[in-house]
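S.K.: Provide a 3D model corresponding to the input given below.
(3 chains)
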Amino acid sequence: MGGNSNIKLIDDNGIRIDGRKVDELRPIKIEAGVLKNADGSAYVEIGKNKVLAAVYGPRECHPRHMQNPAKAIVQVKYNMISFSVDDRKRPGPDRRSVEISKIISEAMEYVVFTENYPRTSIDVFIEVLQANAGTRCAGLTAASVALADAGIPMKDLVPAIAVGKVNDQVVLDLNKEEDNYGQADVPMAMIPRTGEVVLLQMDGHLTYDEFKYAISLGKKACAEVYEIQKDALRRRYVVESEAEQEQPVSVPDQEA
Amino acid sequence: MELKSIMSNENVGASREVVLPGDLLDTGRLKPGSGAYSEDGKVYAAQLGIKSVKSNFVNVIPLGGRYIPSPGDTIIGKVEDIGPSNWLIDINSPYPAPLHVTEVPWKVEFGDTSRFLGVGDTIMAKVLMVDETKRVQVTMKEQGLRKLQGGQVIEISNSKVPRVIGKGGSMIQMIKNYTSCRIFIGQNGRIWLDGDIDNMLVAIRAIKMIEEGAQTLHLTEKVKEYLESVTKKSEVKEDTN
Amino acid sequence: MARSVVSEIKRDHIHKLLSTGKRVDGRAWDEFRPLSIETNYVESAEGSARVHLGNTDVLVGVKMLIGTPFADTPDKGVLSTNAELIPMASPSFEAGPPDENSIELARVVDRGIRESQMIDLEKLCIEPGKEVWMNFIDIYVLDYDGNLFDACTLGAVSALMTTMVPAKAHEKGEDFKMPLRTVPVSCTAVKIENSLLFDPTLDEEKVADARLTVTTDENGDLRAMQKGLKGAFTIDQIENIIETSQRLGKEIRQSLG
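M.R.: Sure, this is the predicted structure:
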């Protein structure tokens, strides 16, 4: 957080530099099943962020020593491609992406019924193609849709969004300028139905009251993102389900 | 919601509703079956699929996901590795399955395994057992189980297998009748077929048509139409095997 | 690319089809899969392209920075090409630093662009010996179904064709279009027994004996070649591949506009 509140990012009518109100999300687009090789995949656009997520698994766990005899492990790898940001980022993991991968893995482990697949790994790859603040939330949102697309049993879908503070006001879904010059950033992920928070970070400076307001804004926004996630999956699968379904109990004798 | 659940309880499997993880399936009367879980007395979907109610259970029939072996499944496997007294079989699931020398129809001396099955060979096998940590064993010791040679193997999503087979095997029989191909469907989503090269291509296209399921209704008729148009003949009624 | 045993049945099937002059997906031996290219896909890059070649899907971006020239070419810009075979793209790709496959891929793409002198590197010199533009071409494979050489060369070339040099942001005058001289196109064929197949799918690559990539310029002249895999070609086969690459290269170049 730059914490520089001299730069005016919200005008006197409460309108932000990209024309949004303080409690308004950027336009969101989600598509499920966008890659062929992966067992499940999703593409998320939120504002100028473009994020892909792919799921492989459950599959044999490598390295072997990480296998858990009682359940699957969820391994998320978050990565920004080199030209997703203004200055070319050196390819490969850095400390920031390792941390983000860890907290997203933990959030996903909470919702996935890992005990169904002992000794396996469910691998989630998040690639940020174009970054404009809020990529970890976009990545988690995409990962959750990709997991459902892969047919992984899970408690629920998880939407994520960032709330922040700009020009002494709490605002929803920071864009790049607001992120650079804002006073606080609170990325969060919440299961709307239960209100359970599975990812939360904060940096900058907030009063306790501001934080409580930020969480309430985030909660509302997560519910919105959740509906868009569901819509993406329904669009991919509903056509199929209308086809006539034939479900024999078992495979009959096929060859004499 | 109350009324609906009572109705679907009587109307076994009548609904075709696509559900997503976290969707509410029932508010208290039914028990969670496969692909469902309960929380605070309510039943929710744990998986993307089709809601189906059977007796007192509400299930989700998955629309995707990897093949999870269960005992008795007939599957098509590929030899991945060889040991002195067993082979490791890739069965298109998260779990590779050992095939022990005592589970094959041949008498195999210790260390002589590669004379019978080599890496890359394809077999038709049956899932013998799956323990609670999902360790799988397969067998070839049953009539009809064997090494597959010639023809080709394609893969489809294992959740589409029942649709390719059709009611009582009707769909696959129709494809066999039109193309004169020999076809075997493994429950793990692998399909082996053999026959005339052009006929095989026709059969594969028909299977892909079913898998993609783009045709919303009357799938059987549409596949039949396709088969009729390309093979320019009507269904050969007798079993062509 | 560990842990991918090719089934004997698949190998036999591809061979059997080829003996009757057919490919698994019904294409002719010299036919490319459907190609679609979306340029300017990523705004934060100076140029970018997303390429779908059949089910192969790659994203290429160009970033430009100011740096010092190499001592032996003080008046020329710098070109650097990197390829990432990320695990998203295939169950056989593993995370980690570039392996021999991604290094070969990056170098073959680089060679086609460099040796055809596609970029007029002299026009990317700001102050000889001191300041030049450095081009970073980064290739990301998103979905892998064979023939990465051609998909990635097409991506890199398309990205360069839409690249704007960000001079203004670096206080070096107005932005200008990347100075280009020609459009190199690569065509890759594999040999399976005695058949040659262009634009191989992953299944075809897996059973192939040998592979040859030929990059031609606008005149049909040869600018880069790379033979790969453990088999061998006859001279006749090589000539056949070159002649076909010249013809296909021309068609593909026209579609790039």
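
S.K.: For A:G134, the count of nearby residues, please.
M.R.: A:G134 has 28 neighbouring residues, counting by other C-beta atoms under 10 Å in any protein chain shown. All C-beta atoms are positioned from the backbone trio N, CA, C, and that covers glycine.

S.K.: My error: substitute B:E80 in the last question.
M.R.: Counted with other C-beta under 10 Å, B:E80 comes out at 17.

S.K.: Also C:D236?
M.R.: 8.

S.K.: Mind telling me what element it is part of?
M.R.: Following DSSP states H and E, one finds C:D236 within helix C:235-256.

S.K.: buried set for that helix?
M.R.: Of all the residues in helix C:235-256, those buried under the rule 16 or more other C-beta atoms under 10 Å in any protein chain shown are C:Q237, C:I238, C:N240, C:I241, C:I242, C:T244, C:S245, C:Q246, C:L248, C:G249, C:I252, C:R253.

S.K.: Residues contacting it, please?
M.R.: C:30, C:32, C:35, C:37, C:154, C:157-158, C:161, C:183, C:185-187, C:189, C:191, C:196, C:198, C:212, C:214, C:216, C:218, C:220, C:222, C:233 (C-beta atoms under 8 Å, 6 or more residues apart in numbering or on different chains).

S.K.: what do you get if the cut-off is 7 Å, keeping everything else the same?
M.R.: Residues from elsewhere that reach helix C:235-256 (C-beta atoms under 7 Å, 6 or more residues apart in numbering or on different chains): C:30, C:32, C:158, C:183, C:185, C:187, C:189, C:191, C:196, C:198, C:212, C:214, C:216, C:218, C:220, C:222.

S.K.: For it, C-alpha coordinates in PDB please.
M.R.: Provided in PDB are the C-alpha atoms of helix C:235-256 (Å, rounded to 0.1, in the frame of the first residue of the first chain):
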ATOM      1  CA  ILE C 235      17.600 -36.800 -48.800                       C
ATOM      2  CA  ASP C 236      14.500 -37.300 -50.900                       C
ATOM      3  CA  GLN C 237      12.300 -37.100 -47.800                       C
ATOM      4  CA  ILE C 238      14.100 -33.900 -46.700                       C
ATOM      5  CA  GLU C 239      13.600 -32.300 -50.200                       C
ATOM      6  CA  ASN C 240      10.000 -33.300 -50.100                       C
ATOM      7  CA  ILE C 241       9.500 -31.600 -46.700                       C
ATOM      8  CA  ILE C 242      11.300 -28.500 -47.900                       C
ATOM      9  CA  GLU C 243       9.300 -28.200 -51.000                       C
ATOM     10  CA  THR C 244       6.100 -28.700 -49.200                       C
ATOM     11  CA  SER C 245       7.100 -26.300 -46.500                       C
ATOM     12  CA  GLN C 246       7.700 -23.600 -49.100                       C
ATOM     13  CA  ARG C 247       4.200 -24.200 -50.500                       C
ATOM     14  CA  LEU C 248       2.500 -24.400 -47.100                       C
ATOM     15  CA  GLY C 249       4.500 -21.500 -45.800                       C
ATOM     16  CA  LYS C 250       3.200 -19.300 -48.600                       C
ATOM     17  CA  GLU C 251      -0.400 -20.100 -47.800                       C
ATOM     18  CA  ILE C 252       0.000 -19.600 -44.100                       C
ATOM     19  CA  ARG C 253       1.900 -16.300 -44.600                       C
ATOM     20  CA  GLN C 254      -1.100 -15.000 -46.700                       C
ATOM     21  CA  SER C 255      -3.500 -15.900 -43.900                       C
ATOM     22  CA  LEU C 256      -1.300 -13.800 -41.500                       C
END
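
S.K.: Taking the buried residues of helix C:235-256 together, which two end up most distant?
M.R.: The largest separation in the buried residues of helix C:235-256, counting by C-beta to C-beta, is between C:Q237 and C:R253 at 23.8 Å.

S.K.: End to end on stretch B:161-172, go ahead and measure it.
M.R.: 10 Å (C-alpha to C-alpha, to the nearest Å).

S.K.: hmm, back to that, hmm, which of the contacts of helix C:235-256 are the buried ones?
M.R.: For the contacts of helix C:235-256, buried by 16+ other C-beta under 10 Å: C:30, C:32, C:158, C:183, C:185, C:187, C:189, C:191, C:196, C:198, C:212, C:214, C:216.

S.K.: Of the contacts of helix C:235-256, just say which sits nearest to A:K155.
M.R.: Of all the contacts of helix C:235-256, C:S158 has the smallest distance to A:K155: 43.1 Å, by C-beta to C-beta.

S.K.: The closest one - that's part of a strand, no?
M.R.: No - C:S158 is assigned helix when assessed by DSSP: H, G, I helix; E, B strand; the rest coil, not a strand.

S.K.: Chain neighbours aside, what residue packs nearest to it?
M.R.: Nearest residue to C:S158 in three dimensions, chain neighbours excluded: C:A49, at 3.7 Å (C-beta to C-beta, 6 or more residues apart in numbering or on different chains).

S.K.: and the one you found, what element?
M.R.: C:A49 is part of strand C:47-53 when elements are defined by DSSP H and E.

S.K.: From the contact counts, what lies against that strand?
M.R.: The contact analysis (3 or more C-beta pairs under 7 Å, 6 or more residues apart in numbering or on different chains; DSSP states H and E) places strand C:47-53 against strand C:35-39, strand C:56-67, helix C:148-161.

S.K.: Report the buried residues of the shortest one.
M.R.: Within strand C:35-39, the residues that count as buried by 16+ other C-beta under 10 Å are C:L35, C:I37, C:T39.

S.K.: which outside residues touch that strand?
M.R.: Residues from elsewhere that reach strand C:35-39 (C-beta under 7 Å, 6+ apart): C:S48, C:A49, C:R50, C:V51, C:H52, C:L53, C:L154, C:S158, C:T162.

S.K.: touching chain A at all, stretch C:77-90?
M.R.: Yes - shown here: stretch C:77-90 in contact with chain A (C-beta under 7 Å from any C-beta of the partner chain) through C:N82, C:E84, C:I86, C:P87, C:M88, C:A89, C:S90.

S.K.: what residues are up against the residue in the stretch 51-200 of chain A that chain B sits nearest to?
M.R.: Residue nearest to chain B within the stretch 51-200 of chain A: A:G151 (2.3 Å; C-beta to the nearest C-beta). For A:G151, the contacting residues are A:G40, B:Q47, B:L48, B:P62, B:L63, B:G64, B:G65, by C-beta under 7 Å, 6+ apart.

S.K.: Let me know which of the helices and strands packed on strand C:47-53 is tucked in deepest.
M.R.: Scoring the helices and strands packed on strand C:47-53 by mean neighbour count under mean count of other C-beta atoms under 10 Å in any protein chain shown gives helix C:148-161 as the most buried, with a mean of 27.
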